[in-house]
Structure formats: structure tokens, C-alpha cells
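**Student:** Structure of the sequence below:
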Amino acid sequence: MVPELPPLPALTRSEGELIDSYLDVVDLLGRINPSRTTDTYSALRAAQALVSRASALREALTVMHLRGETDLHHATLARALRVLDGERRTGLVALAPEAGAGPAGGSHPNR
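**Tutor:** Model prediction:
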């Protein structure tokens with residue numbers, strides 16, 4: 001049986017758009033990550049899509065600012081990111097571990 005996910009915290013429409021746009025950008029950056037991607041065409045397609053998704057992220061933040069939403073409620077937004085698999089998704093933006101590296105990441109010859 002699949003474990004039940006925790007409920008998504010209550011978000012304003014703007015906060016929801018911020019989270020959605022942010023995760024879209026993160027997903028695209030993960031597809032572009034040169035330490036993880038295997039071909040230039042898929043990275044190119046992701047880079048092309050990144051422009052519009054970054055604009056959507058900027059727009060979400062602009063709307064929040066213009067409405068007087070000056071503070072980001074980071075604890076609530078972080079909970080929403082976790083529910084939406086944000087930890088795994090943001091991890092794909094990081095440098096891929098070295099092949100054959102142990103948990104300490106240390107098989108580099110100069111260490």
C-alpha cells in the first residue's frame with residue numbers, strides 16, 4: 001500500500017503559483033545539469049523552456065509584491081515544497097556524485 005502523503009499546507013493563489021513556478025524552474029535546471037544529462041538536445045530544450053518558466057516565477061513574485069505581500073512564509077512554503085517532492089527535485093540541480101565515490105564523496109586522487 002502506498003503511504004498517504006501529508007496534506008499540502010494552505011497557500012494563497014500567489015504562493016501556489018510561486019511554488020509551482022519555482023519547481024518548474026528547478027526541474028528544468030535539473031534537466032540542464034551537465035553533470036547529470038546525457039545529451040545536448042534535451043538540455044537545449046530545457047534551457048529554451050527555462051526562459052518562460054523563469055518569467056512566470058518573476059511574475060508570481062511581482063504579483064505578491066504589488067499586493068503588499070512583503071514576507072515569504074518560509075516554513076509554510078518549505079512544507080509545501082516537501083509535500084511536492086521538492087527535496088528530490090532540487091537535489092537534481094546539485095553536482096552528481098563521482099562514479100565510485102563513497103558516502104564521504106572522496107575518491108578524488110588529490111585528497
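
**Student:** For the residue nearest to Pro6 when sequence neighbours are not counted, give me its contacts.
**Tutor:** What sits nearest to Pro6 in space, not counting adjacent residues and going by Cβ to Cβ, 6 or more residues apart in numbering, is Val83, at 5.7 Å. For the C-beta atoms, the positions are set from N, CA and C on the backbone; glycine is no exception. Counting by Cβ atoms under 8 Å, 6 or more residues apart in numbering, Val83 touches Leu5, Pro6, Pro7, Leu8, Pro9.

**Student:** Turn those residues into TSV, columns for distance to Gly68.
**Tutor:** Shown next, in TSV, are the contacts of Val83 (distance: Cβ to Cβ, whole Å):
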residue	distance to Gly68
Leu5	32
Pro6	30
Pro7	27
Leu8	24
Pro9	21
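
**Student:** which of the residues you listed lies closest to Glu98?
**Tutor:** The closest of the contacts of Val83 to Glu98 turns out to be Leu5 (Cβ to Cβ; 32.7 Å).

**Student:** That closest one sits in which helix or strand?
**Tutor:** Using DSSP states H and E, Leu5 maps to neither a helix nor a strand.

**Student:** got it, and the one 3 residues further on?
**Tutor:** Assignment of secondary structure by DSSP H and E places Leu8 within no helix or strand.

**Student:** wait, doesn't it sit right on Leu81?
**Tutor:** No. Applying Cβ atoms under 8 Å, one finds Leu8 not in contact with Leu81, separated by 10.2 Å.

**Student:** So for these two, which residue has more residues nearby?
**Tutor:** Leu81 (18 against 13; other Cβ atoms under 10 Å).
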